[in-house]
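**Q** Next one to model:
(one chain, ligands or ions: 1)
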Amino acid sequence: MSAAPTDLTAWPTRLHDAYVFDMDGTIYLGDDLLPGAKRLVVELRRRGLPVRFLSNNPTKDPDQYAEKLARLGLETPVEEIANTVVVMTRWLLANRPGATVFPIAEEPLIRAFAQAGIPMSDNPEEIDVVVASYDRGFDYRKLQIAFDAIWYHRRATLVATNPDRFCPFPQGRGEPDCAAITAAIEACTQTPCEVVVGKPNPIMLTAALGDLDLDPAGAIMVGDRLSTDIQMAVRTGMHSAMPLTGESTLEEALALDPAERPTHVLDRIDRLIPAELWHELGWTEDNDPVI
Ligand SMILES: [Mg+2]
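**A** Coordinates of the predicted model:
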């Protein structure tokens, strides 16, 4: 039975036990909070409901996200933020202890590896794991090192931080993301990437909700991308909501098999609050005091 568009765009009728938010395209776009984001988060916290933030982007560490959220007026403890810098570091420590890695990465990921004591090298004869990520310093030298470690020396495996093809910017622009770098290495080595730790991998949800004693099925995942945010919720049997303020569209959601669709598609993120409560709080589209 397929859901009608009216079902998909219906507001949630109840509050959830916890809220996991993607950030880019969901809470903010570029350097601006999206409409209703601040009052929603403030209201959820006021009600004692846990709020967590997730990002697939490995070019910032959680401290930098906390600083950005604070700058935008949404003070957030760093413990409530997880991204692929945190999750990739934990994955390597748990699954490749002692392995020497070659990070194709920007400073935050390299710094996290160093702080965790993960050995790093750019000598292909020593590399056990090539870590592809969103690296705006990617060049032919790095590709050659990865190629030699994986294909010539036949010793390294390939892992990646996130599956995103591009990172969306305001005004419809964007930057090539990790998937482009992973694809370059896979193309020349003919070796498939072994694991991608970012969304939709449920490892990310464990990182976000791991400190809370609750059933993820009672929480809701909120994000603007069908292929990552919503897919992760679908894989873990969670409810999900997709605000139409980022990448994916209602038409794209409707084109999916009903089992793959978000539970809710919302024109603005503060519609996560049930309608009667929204009106009770005196909220309207125009009276959001923070925008
Ligand atoms: Mg996003």
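
**Q** drop to CA atoms for contacts and neighbour counts, all remaining ones
**A** OK.

**Q** where exactly do the helices run in the stretch 151-291 of the chain?
**A** Using DSSP state H, counting those that start in this stretch, the helices of the stretch 151-291 of the chain run over 178-189, 203-209, 231-236, 250-255, 275-280.

**Q** What is the third one packed up against?
**A** Using 3 or more CA pairs under 8 Å, 6 or more residues apart in numbering; DSSP states H and E as the contact criterion, the elements in contact with helix 231-236 are strand 239-243.

**Q** picking up where we left off before, which one of the helices of the stretch 151-291 of the chain lies nearest to the ion?
**A** helix 231-236 (12.7 Å; CA to the ion).

**Q** and the closest one, C-alpha only, in PDB?
**A** Provided in PDB are the C-alpha atoms of helix 231-236 (Å, rounded to 0.1, in the frame of the first residue of the first chain):
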ATOM      1  CA  GLN A 231      18.300   5.700   4.800                       C
ATOM      2  CA  MET A 232      20.000   5.300   8.100                       C
ATOM      3  CA  ALA A 233      16.700   5.700  10.000                       C
ATOM      4  CA  VAL A 234      15.000   3.200   7.600                       C
ATOM      5  CA  ARG A 235      17.800   0.600   8.200                       C
ATOM      6  CA  THR A 236      17.400   0.900  12.000                       C
END
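
**Q** Map the structural domains onto the sequence of the protein.
**A** For the chain, the structural domains run 5-56+199-280, 85-196, going by automatic domain parsing.

**Q** Using neighbour counts, pick out the buried residues of stretch 24-32.
**A** 24-29 (16 or more other CA atoms under 10 Å).

**Q** and the helices of the stretch 151-291 of the chain as CSV, adding mean pLDDT?
**A** Listed next are those as CSV, based on pLDDT from 0 to 100:
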stretch, mean pLDDT
helix 178-189, 98
helix 203-209, 90
helix 231-236, 95
helix 250-255, 96
helix 275-280, 93
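
**Q** which one of these lies closest to residue 220?
**A** helix 231-236 (7.9 Å; CA to CA).

**Q** Return the residues in contact with residue 112.
**A** By CA atoms under 8 Å, 6 or more residues apart in numbering, the contact list for residue 112 reads 85-86, 89.
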